[in-house]
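*Asks:* Sharing a sequence plus its predicted fold:
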Amino acid sequence: MRNRYLICLLLCAVMLYLALPAIELKAEGMKGLFSITWIAFVLLVIAGNLSALLFSPKRQQSNKVDNRADIKKMKRIRAR
């Protein structure tokens, strides 16, 4: 899952790098509005992927197996 976030983040950075020379932020009318909106969406996508990459929960499947074994041991001890 983390690989997907990293790939999306890198692709978004490449798209931004390729589009910045063609985007005119000071243009008037629809062209300027489109440029500002496009930059805002790109920044939102980067922020979302970066936050998902940094703050995604880590898997603890090995702990679940250990916890089940501990629970079984505790039940055996109680049963005696």
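*Replies:* Happy to help now that I have it. Numbers count the residues shown, from 1 in each chain.
*Asks:* Show me the shaky parts of this structure.
*Replies:* In the predicted model of the chain, residues 59-66, 80 satisfy pLDDT under 70.
*Asks:* What's the local residue count around residue 12?
*Replies:* 19 (other C-beta atoms under 10 Å). Just so you know, the C-beta spots here come from the backbone N, C-alpha and C atoms, and that holds for glycine as well.
*Asks:* So it, which state does it fall into?
*Replies:* Counting by DSSP: H, G, I helix; E, B strand; the rest coil, the backbone at residue 12 sits in helix.
*Asks:* close enough to count as contact, it and residue 48?
*Replies:* No - the criterion here is C-beta atoms under 8 Å, and residue 12 misses it with residue 48 at 9.6 Å.
*Asks:* How far away from the center of its chain is the longest helix along the chain?
*Replies:* Determined from DSSP state H, the single longest helix within the chain is helix 30-55. Distance, stretch centre to chain centre, for helix 30-55: 13 Å (C-alpha atoms, centre = their mean, to the nearest Å).
*Asks:* And that helix, what does it pack against?
*Replies:* Applying 3 or more C-beta pairs under 8 Å, 6 or more residues apart in numbering; DSSP states H and E, we find helix 30-55 packed against helix 2-19.
*Asks:* Could you list the buried residues of the helix it packs on?
*Replies:* 5, 8-9, 12, 16 (16 or more other C-beta atoms under 10 Å).
*Asks:* same check, this time on stretch 19-28
*Replies:* Buried, per 16+ other C-beta under 10 Å, within stretch 19-28: residue 23.
*Asks:* gap between that stretch and the chain center?
*Replies:* 27 Å.
*Asks:* The longest helix of the chain: which residues count as buried?
*Replies:* Under the neighbour-count criterion of 16+ other C-beta under 10 Å, helix 30-55 has 35, 42, 45, 49, 53 buried.
*Asks:* Now do that helix against helix 2-19, angle only.
*Replies:* Interaxial angle of helix 30-55 relative to helix 2-19 (axes from the mean of the first three to the mean of the last three C-alpha atoms, to 10 degrees): 150 degrees.
*Asks:* Could you check how far residue 76 is from residue 51?
*Replies:* In this view, residue 76 and residue 51 are 44 Å apart by C-beta to C-beta, to the nearest Å.
*Asks:* Since that was my last question, I'll sign off now.
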